[in-house]
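Trainee: My questions concern the predicted model and sequence given below.
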Amino acid sequence: MPHAEPKFPFFIATELRSLSAEEYALVAKIAANEAPEYQKELADLKVVGRCGCGACPTVFFQPHQTGEREQEIASYAGKDSWGGVVGILLWAKGGHLSQLEFYSVDGHDPWSIPAESTIERF
């Protein structure tokens, strides 16, 4: 069976920016709980890209090329402003944080970044 091409690019480069307060709070909490060795990166962490779907709030801290492998640091879930469950994955590549991924667990739409106060291991 031939390999199907994705419907959209996985990574789209964006203008370099600092993390939003919501993004920072999530990365800081997850790193503190799961991988304290990454906490030293938080002060200098920048967003360099987003998910190619254009709809989710997934952000990248490193450029990503097709076929590159990342390591999952942790899987969490929390409630967004609509009360839906949103999954969160924190990834690393080459010994540095690489991505903060979000997805709707329960299929609700629209959805957004969950509140830091609601997140738990998933």
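Mentor: That came in fine, so what should we check first?
Trainee: Provide a list of residues in contact with Ile88.
Mentor: Applying CB atoms under 8 Å, 6 or more residues apart in numbering, we find Ile88 in contact with Leu26, Ile30, Ser75, Tyr76, Ala77, Gly78, Leu100, Glu101, Phe102, Pro114, Ile119, Phe122. C-beta coordinates here come from the backbone N, C-alpha and C atoms, glycine included.
Trainee: Please list all residues in contact with the first one.
Mentor: With contact taken as CB under 8 Å, 6+ apart, Leu26 is in contact with Tyr76, Ile88, Leu100, Ile113, Pro114, Glu116, Ile119.
Trainee: Am I right that it falls within a helix?
Mentor: Yes: if the criterion is DSSP: H, G, I helix; E, B strand; the rest coil, then Leu26 is within a helix.
Trainee: Just the helices from the chain, written as ranges.
Mentor: 21-34 (DSSP state H).
Trainee: Of all the residues in stretch 112-122, which ones are buried?
Mentor: Buried residues in stretch 112-122, defined by neighbour count with 16 or more other CB atoms under 10 Å: Ile113, Pro114, Glu116, Ile119.
Trainee: List the buried residues for stretch 64-71?
Mentor: Of the residues in stretch 64-71, those scored as buried under the neighbour-count criterion (16+ other CB under 10 Å) are His64, Glu70.
Trainee: Sounds good, over and out.
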